[in-house]
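> give me coordinates for this.
(one chain, ligands or ions: 1)
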Amino acid sequence: MKDKLALYFIMGSQNCPRKDPEEILEQALDAGITMFQFREKGEAALIGHEKRQLAERLQDRCQAYSVPFIVNDDVDLAITIGADGVHIGQGDESMQQVKKRCPAHFIIGVSATNAAEANKAIQDGANYVGVGPIAATRTKIDAKCPIGLSGLREIREQLGDFPIVAIGGINHKNAKAVREAGADGISFISVLTKATDIQEAVNMLKL
Ligand code: 3NM
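Numbers count the residues shown, from 1 in each chain. This next block holds a predicted model:
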């Protein structure tokens, strides 16, 4: 699990106003991302058939690179298209329900802002926790107050060896410090969707 979390790219069509999501994902896969989350969310997001079509196109790309394809929130879509897993937030469907409905091999990720939420997710059977926001982000309008590196360190101390991916405001300037503070991996949206050179942007995150 930890290897897969190393470079975890998240994206939906609403994050790509100027470029084709499939093209961005292809370049990100080529550059070496290790996991992908389809997060079609917000006012500009696709719904229904269009959402499913885009999901399947992006899933195809991930399969070509043997990179896990995770669906944000939409458990029905994840099951229907045979995704590799789902990522759910604190306000979403209960973990008990999710676990009951999903195939046993599904990777289940849960968002957490503090150790109590993270511990609950672990007890409920999550495979990893997404911890954040680490720094300020403009990508998620309702993001909570940043927890910083100290917040991440505190959560790591309480979670022992459990897989943690950090999220929110991560870029090439703070990626290394985020790993040093205890994250097994980093997840990111805008640092790639807004990059002019995606290969270079991914390379910078590896440093
Ligand atoms: N979840 P960027 S922050 C999707 O704190 C998401 O749970 C967050 O986008 C959380 O890499 C966030 O552009 C947005 O900051 C991450």
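
> ok, residues contacting stretch 53-66?
Surrounding stretch 53-66, the residues in contact under the criterion CB atoms under 8 Å, 6 or more residues apart in numbering are 13, 21-22, 25-26, 29-30, 36, 38, 40, 46, 68-69, 71, 77, 81, 83. For glycine as for every other residue, the C-beta is placed from the backbone atoms N, C-alpha and C.

> in PyMOL, select just the buried ones from these.
Command for PyMOL that selects the buried part of the contacts of stretch 53-66, burial taken from 16 or more other CB atoms under 10 Å:
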select buried, resi 13+21+25+26+29+36+38+40+46+68+69+71+77+83
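
> the ligand contacts on the protein?
Proximity of the chain to the ligand, by CB under 6 Å from any ligand atom, involves residues 10, 111, 130, 132-133, 137, 139-140, 143, 167-170, 188-191.

> packing partners for the helix-or-strand element of the chain with minimal mean pLDDT?
Every helix and strand of the chain was ranked by mean pLDDT, DSSP states H and E. The lowest is helix 95-101, at a mean of 91. Secondary-structure packing of helix 95-101 (3 or more CB pairs under 8 Å, 6 or more residues apart in numbering; DSSP states H and E): helix 75-81, strand 85-88, strand 107-112.

> between these, which gets nearest to A118?
strand 107-112 (3.9 Å; CB to CB).

> quick revisit: now render the helices and strands packed on helix 95-101 as CSV, adding mean pLDDT.
Shown next, in CSV, are the helices and strands packed on helix 95-101 (pLDDT from 0 to 100):
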stretch, mean pLDDT
helix 75-81, 97
strand 85-88, 97
strand 107-112, 97
